[in-house]
Every structure is written in C-alpha cells, then in structure tokens.
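> Generate a structure from the sequence data that follows.
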Amino acid sequence: MSAHPPYLRKRAHTQVRPYKTDDRIRWRGTARRAPTSPAALRQGPARRHPLQSTLPPQPQQSLTGPQWWPSLAAMPETPPQFAELNKIEEELLGAKLQAVRSAIVHAGEKGRALEHGVRTLLRSILPTEYGLSTGFIVFHTNEGPRLSSQLDIIIYDAIRSGPIISLETCDVFPLEAVYGYIEVKATLQSSSDGAENLAANSIEKCLMKNRELRGMTDRRYWVSLPDSPIKATLVKHEWVSIRSYVFAFEPVGSIAGSLDALAQRMSNFSKELGSPTHLHGVFVANHGFLYTKPVDARTATPDDCFHIGYTNDHPLLAFKTSLLQGLARFPRPQDEWAPAIEQYFQHEPEWKFRKPEI
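Numbering: from 1, shown residues only. You can find the predicted model right below:
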C-alpha cells in the first residue's frame, strides 16, 4: 500500500500528455523546447525559473552606438523641400484662375470664387486665433464713426472680438478687432499718370485705398482701475496701423509684367501719396512678391522711406512668411483691456435700477 495520500497517488499515476506544435510544446501554460526522446516525453520538459529566457544569449551592444538607433540610420539625409511644395501650390493658383474664367461668366461671381480660394489658402496656414471674413471696418473720426470701403478679406481677432454687425454676405468689425486686410485681384496692372480714372485693379488704386485704411489708428478700450475691482476708465489709444496686402493671380501690362518696373512704380506713387501709405506685401502668382521696406519713424529721413523690395524666388513662400510674421508682431492690447464697442453705437441707454425693499 502506498504511503502517499490518495490525491497524490492519483496525480502521480496520471500520464502527462504535452501538446506539441512544430518543434515546441505547451507545458502548464508556458512554451518549452520539445523533448527529443520518448523518455523525455514521459518525464516532461525540465523546469526553469519563470524569468529565465529561452532565447540564446545576445552579444553586448553599446547604448550609444549607431546600431542602437536603427530608425535614425534609416532616415533620409535629404532635407524636406518645403519651398518646392509652395511652388507647386503656387502653380495651382494659376490653374484656379483659368478654371474660374472657363466656368463662370459673371464678373462678380468670378471675384467671389477667387476670394473663396484665397480664404481657403489662408485658413490652411493661419492659426485659429485669426478669423477671416469679408465686409467693412468701422472706425472713429472727429465727426463720429465711419465705415471703410468694402474689403475682400478682413483678418480679425477671433479669440476676444468679433463683428458688431453680422449679415448674410458681409460683416462689420470694430477697428479694435482688426489685424489687417487683403485685397484679392484676378489681375494686377498699373495706370498711367495721365489716366482720368484709376483702374480698379491697378496698383495705384490699391495704394490710395491703403493710405485711407492706414489712417485708422484711434482705438478705444475700457481699462480696469488698479484700486477697484469693478470700476474702469475709457482709454483712447493711437494704435499701429493695420497690416495690408494685395493678392493677385496674374499681372497685366508692361509695368506689372516687370517686377523691377512695378517696384519702381510702387515706390514713386507711394511717395506722391505720402505717409501713412505702406503696403506690407503684394503677391502676384507665378510672378513675384513685393513689399515696402519698414523704417523707424523716429530716426528715418525722407530718403529712407518708400523703398520697395521684390523677388521672384518662390513668391508664395515669401508672402506666407511676411503675412505670418507681420500678424504675429502686431501689437495686442493687454489682457484686462476690453474694446469699447458701445462707442460706435452713439447711443447711451437710459438705465433704471431697483434696490431691495425688505
């Protein structure tokens, strides 16, 4: 009679039948090397520590050597060609113009289609803090609030501001909310000095409009008083003029067709108009980019003003860079300043109050 308890005797006499798959078997939930002899199969695989690896020992490797980072070694050495990607995008703008011309006959609808294309491009590169719309800017003058001429694209502060009037086709923004504007032109040309009326798509017309819009500098804010958590005072501040750009799809004429001649024309006409005329950028697709060189008004001489720089080396890339940097550097009001938009309504409501009677 066996000296072992019945449950141990039963377990001892039970034959273990390991499940074999290829050259490995499953033994009590762990993978083991398959035995090679009948006796080994009857006895089962040798026991090992659960943390012991079944893999053969690996040679020691340096943690700092290149073999430790195979993914870095596989990275291409050629840098990304962002400039070339912008060149392809710029070529598509020319195709966009041709498609609009072929599909749309009405001049107004052509303009709206091109404006939509430019807004789509801007939306893809501008952070969400910049809103894009079309319409008017209301600003202060000595005679009271006035509306600007209609603007194709208005770039405004979408975080802390918005339109004071929103219509189906356009919006009206207080000057305090506006960073800049962009005029969209299917074609850009130059009008001669002897022309009685400047063409709507001429660089001279754009400069005259620019002078008018950059004269809007009176911004008004409610500023909290430092000694009171509820009181505020109205502050009138002469702000920096808004950023201004022209986005054209095609040049027309001998002057606009030559970057050097166009730059010279911009310089001469800007000087004739005088301060505060200053176009921050003029982009002409597949042709070039021009900008007015900034100067420090405190130290600049008359000969330093109205210098125009230009390039035909990746114009769209130059436009994007100028726009992003120009908007980022535009001065922001302090966090506790609130735009005094009620100043545009020219109406002081009559307030009545009640106090507790108990």
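> all helices of the chain, in order?
For the chain, the helices defined by DSSP state H occupy 6-13, 38-43, 70-73, 82-103, 107-125, 203-213, 259-273, 315-328.
> and these as TSV, adding mean neighbour count, distance to W239 and mean pLDDT?
(Glycine included, C-beta is placed from N, CA and C.) Below are those laid out as TSV (neighbours: other C-beta atoms under 10 Å; distance: least, C-beta to C-beta, whole Å; pLDDT from 0 to 100):
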stretch	mean neighbour count	distance to W239	mean pLDDT
helix 6-13	10	90	49
helix 38-43	11	90	54
helix 70-73	8	49	56
helix 82-103	14	32	71
helix 107-125	15	23	86
helix 203-213	20	13	96
helix 259-273	18	21	96
helix 315-328	18	15	94
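> for those, which one sits closest to H140?
helix 203-213 (13.9 Å; C-beta to C-beta).
> For that closest one, report the contacting residues that lie outside it.
The contact list for helix 203-213, computed with C-beta atoms under 8 Å, 6 or more residues apart in numbering, reads 137, 148-149, 151, 181, 183, 185, 188-191, 198-199, 241-242, 244, 246, 256, 262, 265-266, 269-270, 273-274, 276-279, 282.
> what about 6 Å?
The contact list for helix 203-213 (C-beta atoms under 6 Å, 6 or more residues apart in numbering) reads 183, 190-191, 198, 244, 246, 269-270, 273, 277, 279.
> and which of those residues is nearest to C305?
S270 (8.2 Å).
> coming back round to it: ok, which of the helices of the chain comes nearest E250?
helix 82-103 (6.2 Å).
> For the closest one, output the C-alpha coordinates as PDB.
C-alpha atoms of helix 82-103 as PDB (Å, rounded to 0.1, in the frame of the first residue of the first chain):
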ATOM      1  CA  PHE A  82       9.100  72.900 -48.400                       C
ATOM      2  CA  ALA A  83      10.000  75.600 -50.900                       C
ATOM      3  CA  GLU A  84       9.200  73.300 -53.800                       C
ATOM      4  CA  LEU A  85       5.900  72.300 -52.200                       C
ATOM      5  CA  ASN A  86       5.000  76.000 -52.200                       C
ATOM      6  CA  LYS A  87       6.000  76.300 -55.800                       C
ATOM      7  CA  ILE A  88       3.500  73.500 -56.700                       C
ATOM      8  CA  GLU A  89       0.800  75.200 -54.700                       C
ATOM      9  CA  GLU A  90       1.500  78.500 -56.500                       C
ATOM     10  CA  GLU A  91       1.200  76.800 -59.900                       C
ATOM     11  CA  LEU A  92      -2.200  75.600 -58.800                       C
ATOM     12  CA  LEU A  93      -3.300  79.200 -58.300                       C
ATOM     13  CA  GLY A  94      -2.800  79.800 -62.000                       C
ATOM     14  CA  ALA A  95      -4.900  76.800 -62.800                       C
ATOM     15  CA  LYS A  96      -7.600  78.000 -60.400                       C
ATOM     16  CA  LEU A  97      -7.800  81.300 -62.300                       C
ATOM     17  CA  GLN A  98      -8.200  79.500 -65.600                       C
ATOM     18  CA  ALA A  99     -10.900  77.200 -64.200                       C
ATOM     19  CA  VAL A 100     -12.900  80.200 -62.800                       C
ATOM     20  CA  ARG A 101     -12.600  82.000 -66.100                       C
ATOM     21  CA  SER A 102     -13.800  79.000 -68.000                       C
ATOM     22  CA  ALA A 103     -16.700  78.100 -65.800                       C
END
